[in-house]
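Student: This is a predicted model, with the sequence first.
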Amino acid sequence: MPGGRLTQQERQQIALGLADGLAYAEIARRLDRPTSTVTREVMRNGGPTAYRADLAHRATERRTQRRRRTAPRASATPPQTDGRDAEALREYEETFTTVLMGSGMPKMMSRVMACLCMTDSGSLTASELAQRLQVSPASVSKAITFLDGQGFVRRETGEGRRERYVVDDDVWYQSMLASARAIAQVVGIARQGVGVLGPGTPAADRLENVARFLDFVSESTTRAAEQARDILHTRPETAPHDTAPHSASPHDTAPHSASPHDTAPHEAASHDPTPHDAASHDPTPHDAASHGADR
């Protein structure tokens, strides 16, 4: 598998693969590159719908020139790898950061979040984060304030009264609840607008539909988080291949893997079995056989 930076020709092949709707894993296979390399390249250059090979190549050249002009920092103690492949860790951390950025999280916040998630202890001090990421304490402080406000991290007082920033098992649950609460606030303000604009007007109808949709999403998010919370506190029984650096399924990183109908509220409603529906769709032996064949 070749190493080094992507060439302009490889970026053009990535763009063609995205246009054809190929998964990142398939594009990587055709280039004989790691899937994480393609994922990182696409996510840091606009995502699957906005990726352009020429712009991505110029952006990479500019980043390279900036690194060459920047004076080297004072030598820092390399992070402990605990026997893990240091290059694989670096590559994975960069990919993790890029995917978080693609989800809407700012760059420095994404770097801090990825760094915390990849520590076995799940916690670091501000100075440890600054050293690992080679950034200023002020940048770390700003990132932690954002992540804390979003429910992604929490603060603890460690030895010598130094604050430690923790991303533990329950943080993901709490962040989902925080997201649901934020959505619920939008629901409230949308419904307030219905009264201001006047029920029955086009603008009011639009806001009412927004409120109904987001109310469904908020309630579903809270309910799913409650139901799945125990998973965060269960030690997974991992098979040996599950710990490989590139063990993710090709579909996990496919640019168009999520169906837009997965969370649509009207879908859930349309399939709600009423007594009439249950009778009309009662499977005869012929129906059961045909559905089995379809699967």
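Tutor: Looks like it came in fine.

Student: Quick check, pLDDT for T274.
Tutor: The per-residue pLDDT reported for T274 equals 43.

Student: dump the residue contacts of V153.
Tutor: Applying C-beta atoms under 8 Å, 6 or more residues apart in numbering to V153 gives the contacts 113, 116, 144, 147, 165-167, 171. All C-beta atoms are positioned from the backbone trio N, CA, C, and that covers glycine.

Student: Can you give me the distance of it to M109?
Tutor: Distance, V153 to M109, using C-beta to C-beta, to the nearest Å: 10 Å.

Student: With G188 instead?
Tutor: 27 Å.

Student: The two: who's more crowded?
Tutor: M109 (22 against 12; other C-beta atoms under 10 Å).

Student: how about a markdown table for the contacts of V153, with secondary structure and neighbour count added?
Tutor: Converted to a markdown table, the contacts of V153 look like this (DSSP: H, G, I helix; E, B strand; the rest coil; neighbours: other C-beta atoms under 10 Å):
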| residue | secondary structure | neighbour count |
| --- | --- | --- |
| M113 | helix | 23 |
| L116 | helix | 24 |
| I144 | helix | 22 |
| L147 | helix | 23 |
| Y165 | strand | 25 |
| V166 | strand | 18 |
| V167 | coil | 24 |
| V171 | helix | 20 |
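
Student: hang on, isn't M109 packed against T145?
Tutor: No. Between M109 and T145 there is no contact under C-beta atoms under 8 Å: 9.4 Å.

Student: from the contacts of V153, which has minimum pLDDT?
Tutor: V171 (81).

Student: what's the closest non-adjacent residue to that one?
Tutor: F152 (6.0 Å; C-beta to C-beta, 6 or more residues apart in numbering).

Student: next one: phi and psi at the one you found?
Tutor: Dihedral angles of F152 (phi, psi; degrees, to the nearest 10) stand at phi -80, psi -30.

Student: ok, it to P202 distance?
Tutor: 38 Å.

Student: Which one of those two is surrounded by more residues?
Tutor: F152 (23 against 8).

Student: Which strands border the helix or strand harbouring R164, and is each parallel or antiparallel?
Tutor: Counting by DSSP states H and E, the element that carries R164 is strand 163-166. Sheet pairing for strand 163-166, assigned by DSSP bridges, gives strand 123-125 (antiparallel), strand 154-157 (antiparallel).
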